[in-house]
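Test case, fold it:
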Amino acid sequence: MMNKKSQAALEFLMTYGWAILVVLVAVGALAYFGVLSPDKFLPAKCTLQAGIGCIDHKATGTALNVVLRNSLGYDLTITDLKAAQCTAQTGLSAAFPNGQTYTANMVCVNTVSTKYNGQFNVTYTTPSDAGGLSHVNIGQITTRVE
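So this is what the prediction gives:
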């Protein structure tokens, strides 16, 4: 009688063991072929503080392109553009009229990663009738490298 119980227990454990092994092999194959890669589900977003909007963005292995829109209600002059892993553009004097767009093209070093996640800063001055002060708009860009 004892042999029959142990045989039933062994068959039960073997059946579940093979089922678990098949599931592990299937998950391993999916991970190997990149189906479960989290980089494919990375949301693309570009956010800046209020007043300057990020309309579009694109990251490649050597460049970061960002299209900005001025919604502050007055004209600006962009003086600096900085992004993580990119060469900063300093000493600019680019006019940025109210309601218009400005395309920032920056040279970057991002050859290893398949995603770009970094801080993006726009330094600008206001016209003298709006105070003439220098301001920094700090934002964040998260996207896949194309």
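
mind checking how far residue 54 is from residue 142?
11 Å (C-beta to C-beta, to the nearest Å). C-beta here means a position set from N, CA and C on the backbone, and glycine is covered the same way.

intersection of neighbour lists for these two?
Shared contacts of residue 54 and residue 142 (C-beta atoms under 8 Å, 6 or more residues apart in numbering): residue 46.

ok, these two, which is more surrounded?
Neighbours per residue (other C-beta atoms under 10 Å) separate residue 54 from residue 142, with residue 54 holding more: 20 against 16.

got the contact list for the more buried one?
46, 47, 48, 66, 67, 68, 120, 139, 141.

For those, which two are the farthest from each other?
47 and 67 (13.9 Å; C-beta to C-beta).

So for the two, which residue has more residues nearby?
residue 67 (15 against 12).

what helices or strands is the helix or strand of the chain with the lowest mean pLDDT leaning on?
Among the helices and strands of the chain, strand 94-96 carries the lowest confidence by mean pLDDT, DSSP states H and E, at a mean of 85. For strand 94-96, the packing partners by 3 or more C-beta pairs under 8 Å, 6 or more residues apart in numbering; DSSP states H and E come out as strand 76-83.
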